[in-house]
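> just to be clear, the model below is a prediction. Sequence and coordinates:
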Amino acid sequence: MENIKQKIDELRKTLRYHSDRYYNDDAPEIEDYEYDMMMRELKELEEKYPQYDAVDSPTKRVGGKADNSFESVEHTVRMESLQDAFSKEEIFDFDRRVKESVSDVHYVVEPKIDGLSVSLEYVNGEFVRGSTRGDGNVGEDVSGNLRVIHNIPLKLNVAVPFIEVRGEVYMPKKSFERVVDRQLINDEKPFKNPRNAAAGSLRQKDSRVAAERGLDIFVFNIQQIEGATLNSHKESLDYLKKLGFNTIPYYERVDDIQTAFSKVEEIGERRGSLEFDIDGAVIKVDDFAQREILGSTAKFPKWAVAFKYPPEEKQTKIIDIEITV
Ligand code: NAD
C-alpha cells in the first residue's frame, strides 16, 4: 500500500509540474497524450484506493491559474473542463451514464479546437470585457488583446441587455507558420505549437504584439444571457450566429450515440485539411433541461464528453514506418 501511495504522490507531482509548464509558461515539455495517460492512471488509482483521494488532486482541478500580470476576473458561471474518452467503448459508456438520468436524448457534435478558452461579456450589445479561463473560477482580464481579434464583434447585431459567451481563441496554422518563421529569423525560441502560440500571444502586455499574431476565435457556448430564452444548445449556436459571432464550425445535432460517434470520426478524417488545429470532437447533450438534471462534477459537466484523437505526430511515425518497410 505504501507503494501505491508513493505512486499517487509521484503522479500528482509530475502532473502539477507539467501543468505549470503548459498553462503558465506556454512551453510544454511532453506531448498532450502522455499527459492525458498519466492523468488517467492517477484517476484510476484514486478510484481504486479512495483512502488516498484528495480534493486538490490534479484530477479534480481545472488546469491553469491567473497570475498578477492582468486584473483578475471572477467567473460568475464556472468555466469547466471536459471529461475525455479515447475509444468508442468509452463514448458508449458516456451515453449509458447519461441515460441513467434522462431519456429521449439528442446530442450535438462539434470539433474540439486546440486553443485556449475565453469568456466574452457584452452589455446592451457592446463588448465590455474578455477573460481567460484561469482555474475555472478566476481568470485574467485580457480585453485589450481580445479587442484586436477581428472576429470578435465589438458590437452585436442585436442589443441584448447582457450576454456572456465562451469561445476558443486559436492561432490558424498559416499564422503559426508566419510567427515561427519570424521568431527563427530573429533568433528567438519558436513556439512549440499553435495552441501555445495562441496562449502566449493572448497574454502579451502590448496589444500590438497580439494584433500581429493573427489570432482567431470560435464561439461555442452561451454562459449566461438576459433578454432571450433558449432551450437547447443547437438553438443557442444558431442564435450566436445571428448575433454576429464566428460560431464553432461543422456542428450538428444527432438523434443517437452511434450517429454521434460517426460524426466524431468524420471530423477526425477532416483534421489534416482544416486551417486550424483540433485535438478531438465534443459530444454534448442538446437539451438544457436535461443538462440541468445531469449536473457537473468538481471539474466537468456530466452532459458532455470529449473524444481525443490520437496525436498527429504518432500517426506520421506509423506512416513513416510503413513506407520504410
Ligand atoms: P481539455 O482541453 O481536454 O478540454 C476542455 C477545453 O476544451 C475547454 O476549456 C474548452 O476551452 C476547449 N474546447 C475546445 N473546443 C470546444 C468545444 N467545441 N466545446 C467545448 N469545449 C471546447 O481540458 P483542459 O482542462 O483544458 O486541458 C487539459 C488538456 O491540456 C489535456 O488533455 C492535455 O492534453 C493538455 N495538457 C497538456 C500538458 C502537457 O504538458 N503537454 C499539460 C497540461 C495539460
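Done, it's in. Numbering: from 1, shown residues only.
> which residues are in contact with the residue in the stretch 51-200 of the chain that the ligand sits nearest to?
Nearest to the ligand in the stretch 51-200 of the chain, going by C-beta to the nearest ligand atom, is residue 117, at a distance of 3.0 Å. Backbone N, C-alpha and C define where each C-beta goes, glycine included. By C-beta atoms under 8 Å, 6 or more residues apart in numbering, the contact set of residue 117 is 79, 132, 133, 166, 167, 168, 169.
> give me every residue that touches the fourth one.
Meaning residue 166. 79, 117, 118, 119, 120, 219, 220, 221, 222, 223.
> go through stretch 3-23 and flag the buried ones.
Buried residues in stretch 3-23, counted by 16 or more other C-beta atoms under 10 Å: 8, 11, 12, 15, 18, 19, 22, 23.
> now do the SS call for the third one.
Classification of residue 12 using DSSP: H, G, I helix; E, B strand; the rest coil returns helix.
> would you mind listing what in the stretch 151-300 of the chain touches the ligand?
168, 220, 248, 282 (C-beta under 6 Å from any ligand atom).
> strands - which of the residues you listed land there?
In this view, these that belong to strands under DSSP state E are 168, 220, 282.
> ok, so of the residues of the stretch 151-300 of the chain next to the ligand, who is nearest residue 90?
Nearest to residue 90 out of those is residue 282 (C-beta to C-beta; 13.6 Å).
> and the helices in this structure, which stretches?
Taking DSSP state H, the helices of the chain run over residues 2-19, 32-48, 88-101, 143-147, 173-185, 194-202, 207-212, 233-243, 257-270, 288-294, 312-324.
> for the first one, packing partners?
In other words, helix 2-19. If you count contacts as 3 or more C-beta pairs under 8 Å, 6 or more residues apart in numbering; DSSP states H and E, helix 2-19 packs onto helix 32-48.
> chain center to the helix it packs on: distance?
From the chain centre to the centre of helix 32-48 is a distance of 18 Å (C-alpha atoms, centre = their mean, to the nearest Å).
> other SSEs contacting it?
Judged by 3+ C-beta pairs under 8 Å, 6+ apart, helix 32-48 is in contact with helix 2-19.
> tell me the mean pLDDT for the helix it packs on?
Regarding helix 2-19, the rounded mean pLDDT is 95.
> what do you get for stretch 209-223?
Within the predicted structure, the mean pLDDT of stretch 209-223 is 95.
> could I have it exported to PDB, CA atoms only?
Extracted in PDB, the C-alpha atoms of stretch 209-223 (Å, rounded to 0.1, in the frame of the first residue of the first chain):
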ATOM      1  CA  VAL A 209       2.000  42.200 -30.500                       C
ATOM      2  CA  ALA A 210      -1.200  40.200 -30.100                       C
ATOM      3  CA  ALA A 211      -2.600  42.000 -33.100                       C
ATOM      4  CA  GLU A 212       0.300  41.000 -35.300                       C
ATOM      5  CA  ARG A 213       0.000  37.400 -34.400                       C
ATOM      6  CA  GLY A 214      -3.200  36.800 -36.400                       C
ATOM      7  CA  LEU A 215      -5.300  35.100 -33.700                       C
ATOM      8  CA  ASP A 216      -8.900  34.000 -34.300                       C
ATOM      9  CA  ILE A 217     -11.800  32.600 -32.300                       C
ATOM     10  CA  PHE A 218     -14.700  30.100 -32.500                       C
ATOM     11  CA  VAL A 219     -17.500  30.700 -30.000                       C
ATOM     12  CA  PHE A 220     -19.200  27.600 -28.700                       C
ATOM     13  CA  ASN A 221     -21.400  28.400 -25.800                       C
ATOM     14  CA  ILE A 222     -23.700  30.900 -24.100                       C
ATOM     15  CA  GLN A 223     -22.600  31.100 -20.400                       C
END
